[in-house]
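>>> Sequence below, structure please.
(one chain, ligands or ions: 2)
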Amino acid sequence: MGLPVDRITINGGKPLHGRIELKGAKNLVTKAMVAAILGDTPSVLKDVPDISDVRIVRGLLEVHGVTVTKGGDDELVLDPSGVATAHMADIDAHAGSSRIPILFCGPLLHRLGEAFIPDLGGCRIGDRPIDYHLEVLRNFGAVVEKLPSGIRMTAPTGLHGAKVSLPYPSVGATEQVLLTAVLADGITELSGAAIEPEIMDLVNILQKMGAIITVETDRVIRIEGVDKLDGYTHRALFDRNEAASWAAAALATEGDIFVGGARQAEMLTFLNVFRKVGGAFEIEEDGIRFYHPGGELKPVIIETDVHPGFMTDWQQPLVIALTKAKGVSIVHETVYEQRFGFVDALVEMGASIEVHKECLGGRPCRFGQRNFQHSAVISGPSHLVGADIEVPDLRGGFSHLIAALTAEGRSTVSNVGIIARGYENFIGKLEQLGADFELVA
Ligand SMILES: CC(=O)N[C@H]1[C@@H](OP(=O)(O)OP(=O)(O)OC[C@H]2O[C@@H](n3ccc(=O)[nH]c3=O)[C@H](O)[C@@H]2O)O[C@H](CO)[C@@H](O)[C@@H]1O
Ligand SMILES: C=C(OP(=O)(O)O)C(=O)O
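Residues are numbered from 1 along each chain as shown. Ligands and ions are numbered 1, 2, ... in the order given. Predicted coordinates for the structure are as follows:
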């Protein structure tokens with residue numbers, strides 16, 4: 001279900017208390033849905049969240065002839081037996097705000113011998129080129145033709161295993177290689193691979209389907225192509241980015257939230273930072289309790305990075321807690337060159353945050369000396385006051401919600417529809433946690 005409104009007013013200053021439940025990770029579920037195209041039989045995916053990115057991918061699969069039906073609660077059955085060439089106009093209409101269409105390339109080239117990819121969506125937090133994707137696909141034997149409306153791909157001699165190397169461990173490009181190599185003829189060796197937990201869960205899924213994938217040391221993944229794959233049955237990995245977001249909300253509002261379904265192993269790096277800032281957590285069998293134990297919050301120096309580093313998607317929500325810490329925190333964003341657009345609204349609300357183009361707080365990154373404002377210096381504690389703010393992107397949007405929840409007085413947050421791209425029923429969850437807000441028609 002979409003959001004009924006695009007604006008909410010929040011009366012801040014009330015700690016969030018209660019329990020929420022996570023479902024499968026946005027960054028795995030959508031890719032698992034694409035993997036279903038590769039099977040000869042239907043796949044069953046469990047713990048699918050009701051978020052708009054899932055609806056977009058569902059629409060795209062249906063346009064390509066995959067029958068998608070609801071199984072049990074939160075379960076999708078994806079039957080690829082009718083996969084057929086789609087109409088370009090229909091694809092364009094369904095691509096929406098997601099970046100997932102690019103991952104249809106390999107599976108569609110295997111099944112149909114051609115693919116059309118419209119312009120991609122996703123958060124505007126940097127240029128987000130797709131050069132690695134196109135380069136690896138060319139290595140497999142794809143012919144890429146750029147059209148005004150998107151990209152058309154064919155594979156006149158089929159797809160063949162290749163030795164490929166990524167200049168940077170891109171999550172999407174690693175998934176592109178996996179989804180293409182599993183049915184390619186011969187062996188693929190990928191070096192410079194990303195190894196995020198969501199990628200490892202995609203590897204689990206592909207192995208269930210019949211793929212042969214070896215994850216070696218030093219970011220090398222070896223895939224032996226097979227002739228056919230079957231469907232899978234899989235419960236999606238929990239959404240660790242949503243877990244970190246609610247954890248940040250608990251800390252910033254001086255609250256206490258039990259995040260059902262969160263697990264320690266995939267959040268080790270986040271938990272260390274959360275503890276250093278002054279947050280407390282208790283790890284239970286069925287989730288993690290995150291809370292503010294009282295006392296002052298402490299400043300930290302964080303550098304975002306690929307896994308097992310501090311995930312870039314965690315920094316935006318955590319910045320609000322850092323505005324409450326006594327002293328100077330630094331966040332050096334090394335994954336996306338423009339992920340600090342969201343701080344303008346926070347400054348308007350009274351936060352003291354400066355962004356710099358230098359690489360502050362650690363080692364130099366790809367963005368140093370290139371005029372990208374990618375390091376933030378946060379001085380606290382700041383007293384935030386309510387304001388009218390507009391959500392710029394998914395995680396920046398969640399961070400705006402937290403800012404409004406901690407601020408004195410009333411804030412109006414508009415463009416909240418973006419948040420539904422990755423947070424299931426966040427309005428209902430805010431209600432469950434005791435937030436004081438109203439939806440504005
Ligand atoms: C749907 C999904 O899973 N999204 C996640 C995925 O995004 P996504 O897969 O798009 O992110 P990537 O890991 O590919 O991007 C990382 C960096 O590589 C660059 N790059 C990437 C591809 C390419 O062809 N050329 C290139 O230069 C990007 O501009 C960026 O600077 O991983 C990111 C990094 O963990 C997360 O923040 C996103 O939440
Ligand atoms: C950047 C993100 O997602 P996407 O790649 O879907 O834009 C995110 O989840 O924070």
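>>> show me what contacts the residue in the stretch 151-300 of the chain positioned nearest to ligand 2?
In the stretch 151-300 of the chain, the residue that lies nearest ligand 2 is N241 (6.0 Å; C-beta to the nearest ligand atom). Where you see a C-beta, it was placed from the backbone N, CA and C, and this is true even at glycine. Listed by C-beta atoms under 8 Å, 6 or more residues apart in numbering, the contact set of N241 reads 25-27, 311, 313-314, 395, 422.
>>> Then G278?
G278 neighbours (C-beta under 8 Å, 6+ apart): 251, 292-293, 295-298, 325.
>>> Now list the buried members of the residues you listed.
Buried members of the contacts of G278, scored by 16 or more other C-beta atoms under 10 Å, are 251, 292, 297-298, 325.
>>> wait, which of the contacts of G278 is closest to ligand 1?
Nearest to ligand 1 among the contacts of G278, counting by C-beta to the nearest ligand atom, is L251 at 21.1 Å.
>>> and the helix or strand where that closest one lies, does that touch ligand 1?
Secondary-structure assignment from DSSP states H and E places L251 in helix 240-252. No - using C-beta under 6 Å from any ligand atom, helix 240-252 stays clear of ligand 1, coming no nearer than 6.8 Å.
>>> and the residue nearest to S379 when sequence neighbours are not counted, how many neighbours?
Nearest residue to S379 in three dimensions, chain neighbours excluded: S352, at 4.2 Å (C-beta to C-beta, 6 or more residues apart in numbering). Number of residues near S352 (other C-beta atoms under 10 Å) recorded here: 14.
>>> Least confident secondary structure element in the protein?
The helix or strand of the chain with the lowest confidence, counting by mean pLDDT, DSSP states H and E, is helix 88-95 at a mean of 70.
>>> How are the helices of the stretch 201-350 of the chain distributed by residue range?
With DSSP state H, counting those that start in this stretch, the ranges of helices along the stretch 201-350 of the chain come out as 240-252, 268-277, 312-323, 343-348.
>>> Please identify the nearest residue in space to the residue of the stretch 251-400 of the chain found nearest ligand 2, excluding sequence neighbours.
Nearest residue of the stretch 251-400 of the chain to ligand 2: D313, at 3.9 Å (C-beta to the nearest ligand atom). Counting by C-beta to C-beta, 6+ apart, D313 lies nearest to N241, which is 4.5 Å off, once chain neighbours are set aside.
>>> confidence score at the residue in the stretch 151-300 of the chain that ligand 1 sits nearest to?
Proximity to ligand 1, evaluated over the stretch 151-300 of the chain using C-beta to the nearest ligand atom, is greatest for G172 at 2.9 Å. Turning to G172, the model gives it a pLDDT of 98.
>>> Can you confirm whether the host helix or strand of it lies near ligand 2?
In this assignment (DSSP H and E), G172 forms part of helix 171-181. No - against ligand 2, helix 171-181 shows no contacts by C-beta under 6 Å from any ligand atom, the least distance being 7.6 Å.
>>> ok, now which residue in this structure is the farthest from the centroid?
Outermost residue of the chain with respect to the C-alpha centroid, by C-alpha atoms, centre = their mean, is T157; its distance is 34.3 Å.
>>> Verify the stated contact: that one with G141.
Yes - using C-beta atoms under 8 Å, T157 makes contact with G141 at a distance of 5.7 Å.
>>> mind listing what's buried in stretch 91-109?
Of the residues in stretch 91-109, 91-92, 94-96, 98-109 count as buried by neighbour count, 16+ other C-beta under 10 Å.
>>> quick one, what contacts whatever residue of the chain ends up closest to ligand 2?
Nearest to ligand 2, among the residues of the chain, is G122, at 3.2 Å (C-beta to the nearest ligand atom). Taking C-beta under 8 Å, 6+ apart, we find G122 in contact with 97-99, 128.
>>> Of the residues you listed, which are in range of ligand 2?
Restricting those to those near ligand 2 by C-beta under 6 Å from any ligand atom leaves R99.
>>> Please flag which of the contacts of G122 sit within helices.
Applying DSSP state H to the contacts of G122, no entry is found in helices.
>>> would you list the contacts of G122 in CSV and tack on pLDDT and distance to M33?
Output for these, formatted as CSV (pLDDT from 0 to 100; distance: C-beta to C-beta, whole Å):
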residue, pLDDT, distance to M33
S97, 71, 16
S98, 80, 11
R99, 85, 14
R128, 90, 21
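>>> Can I get the contacts of G122 in JSON lines including distance to ligand 1?
Listed next are those as JSON lines, based on distance: C-beta to the nearest ligand atom, whole Å:
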{"residue": "S97", "distance to ligand 1": "11"}
{"residue": "S98", "distance to ligand 1": "8"}
{"residue": "R99", "distance to ligand 1": "5"}
{"residue": "R128", "distance to ligand 1": "5"}
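>>> residues in the stretch 201-350 of the chain within reach of ligand 2, list them.
241, 313.
>>> where are the low-confidence patches of the stretch 201-350 of the chain?
Judged by pLDDT under 70, the stretch 201-350 of the chain has no weakly predicted residues.
>>> quick one: buried residues of stretch 414-432?
Buried residues in stretch 414-432, counting neighbours by 16+ other C-beta under 10 Å, are found at 414, 416-427, 429-430, 432.
>>> Just name the closest of these to ligand 1, please.
Comparing those against ligand 1 with C-beta to the nearest ligand atom places G422 closest, at 8.1 Å.
>>> is it true that the closest one touches K26?
Yes - using C-beta under 8 Å, G422 is in contact with K26, at 4.5 Å.
>>> Now for the two: what residues contact both?
Shared contacts of G422 and K26, defined by C-beta under 8 Å, 6+ apart, comprise 51, 53, 239, 241-242.
>>> Would you mind naming what in this structure lies close to ligand 1?
27, 99, 126-133, 168, 170-173, 194, 196, 312-313, 335-336.
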